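>>> Following is a predicted model, sequence given first.
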Amino acid sequence: MAYYIVYWPQDRVEELKKAGDTGPIKVVYGSIHSRMPTIASIKEGDVVFPITLTKKKLYVMARLPVTHRERAFDYCIRELGADYSSLIPEGIAMEVSETFYYTWDCKSYDCAEAVPEGIQIVHKTDKPHQLHQEPFNCCSKWAVWGEEGSSITPRLLPDEVIPLLRFGYPKSKEKALRLDEKGNPLFMSLTCTRRMSEETTKIFDKLFNEEN
């Protein structure tokens, strides 16, 4: 079992707040873009903590024990009913309207009859879901999910623990966050998926143990 942080941009956190989405968290996505970095390293049995930076303070938004890992497209179609700009797998054509289909290699067709034999057409539906279940960036590749996620709400990490946080694997490669002159975490230290040290995991888990 490994523990990871993933970064949620502040505008995403604000969107969830406006939508009244307080969870429980069900899924975390990774894309091929830096705004929503890859989560290829996260496996079933791991735990992921979405975090955010607000006014230079570090907040832990949720805790998600991962029980499943699959293509983001498959999760979105099954749970949301639409692709939500996730990466379309090869061999699938996605319905955009009644007469427009597009595929993983950006080819498009004017009608279903024009779609080559062997390519599966997937039709959009509308399934009830929470806002956080929608990827907040295009080209989502992987989704990790589970049914035992926490609520989604900002939990402040105290200033005194920030210098103690370590990330990396194995232990010989663990590093602290980059901090400014006042000891606040720098944005550039957070915008990638990072594996947590055992000691850091205990600090994060304590925030959630205090809620129980």
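Okay, I see it. Residues are numbered from 1 along each chain as shown.
>>> could you pull out the helices for this protein?
Using DSSP state H, the helices of the chain run over residues 10-19, 72-79, 198-209.
>>> among those helices, which is the most enclosed?
Highest mean neighbour count among those (mean count of other CB atoms under 10 Å): helix 72-79, with a mean of 20. Bear in mind the C-beta positions are built from the backbone N, C-alpha and C, glycine included.
>>> chain center to that helix: distance?
Centroid displacement of helix 72-79 relative to its chain, using CA atoms, centre = their mean, to the nearest Å, is 14 Å.
>>> Go ahead and produce PDB holding the CA coordinates of it.
What follows is helix 72-79 as a C-alpha-only set of coordinates in PDB (Å, rounded to 0.1, in the frame of the first residue of the first chain):
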ATOM      1  CA  ALA A  72     -11.100   7.400 -17.300                       C
ATOM      2  CA  PHE A  73     -13.300   7.000 -20.400                       C
ATOM      3  CA  ASP A  74     -14.800   3.700 -19.100                       C
ATOM      4  CA  TYR A  75     -15.500   5.200 -15.700                       C
ATOM      5  CA  CYS A  76     -17.100   8.300 -17.200                       C
ATOM      6  CA  ILE A  77     -19.400   6.400 -19.600                       C
ATOM      7  CA  ARG A  78     -20.500   3.900 -16.900                       C
ATOM      8  CA  GLU A  79     -21.000   6.400 -14.000                       C
END
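>>> Now do that helix: which elements does it pack against?
Secondary-structure packing of helix 72-79 (3 or more CB pairs under 8 Å, 6 or more residues apart in numbering; DSSP states H and E): strand 27-31, strand 140-145.
>>> Which one of these lies nearest to N209?
Nearest to N209 among the helices and strands packed on helix 72-79 is strand 27-31 (20.9 Å), distances taken as CB to CB.
>>> Contacts made by that closest one with the rest, please.
Identification of contacts with strand 27-31 by CB atoms under 8 Å, 6 or more residues apart in numbering yields 6, 36-40, 42, 48, 50, 64, 72, 75, 79, 86, 132-133, 135-145, 193.
>>> give me that answer again for 6 Å
6, 38-39, 48, 64, 72, 133, 135, 137, 139-145 (CB atoms under 6 Å, 6 or more residues apart in numbering).
>>> how far does that strand sit from the chain's center?
Taking CA atoms, centre = their mean, the mean C-alpha location of strand 27-31 is offset from the chain mean by 3 Å.
>>> Also stretch 41-56?
Distance, stretch centre to chain centre, for stretch 41-56: 8 Å (CA atoms, centre = their mean).
>>> Could you work out the end-to-end span of that stretch for me?
27 Å (CA to CA, to the nearest Å).
>>> buried sites along that stretch?
Buried residues in stretch 41-56, counting neighbours by 16 or more other CB atoms under 10 Å, are found at 42, 46-53.
>>> do the same with stretch 178-187
Within stretch 178-187, the residues that count as buried by 16+ other CB under 10 Å are 184-185.
>>> per-residue confidence averaged over it?
Computed over stretch 178-187, the mean pLDDT rounds to 92.
>>> which one of the buried residues of stretch 41-56 sits closest to K127?
Proximity of these to K127 (CB to CB) peaks at P50, which lies at 22.6 Å.
>>> hang on, the earlier thing: could you dump the helices and strands packed on helix 72-79 into JSON lines with mean neighbour count added?
Shown next, in JSON lines, are the helices and strands packed on helix 72-79 (neighbours: other CB atoms under 10 Å):
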{"stretch": "strand 27-31", "mean neighbour count": "24"}
{"stretch": "strand 140-145", "mean neighbour count": "23"}
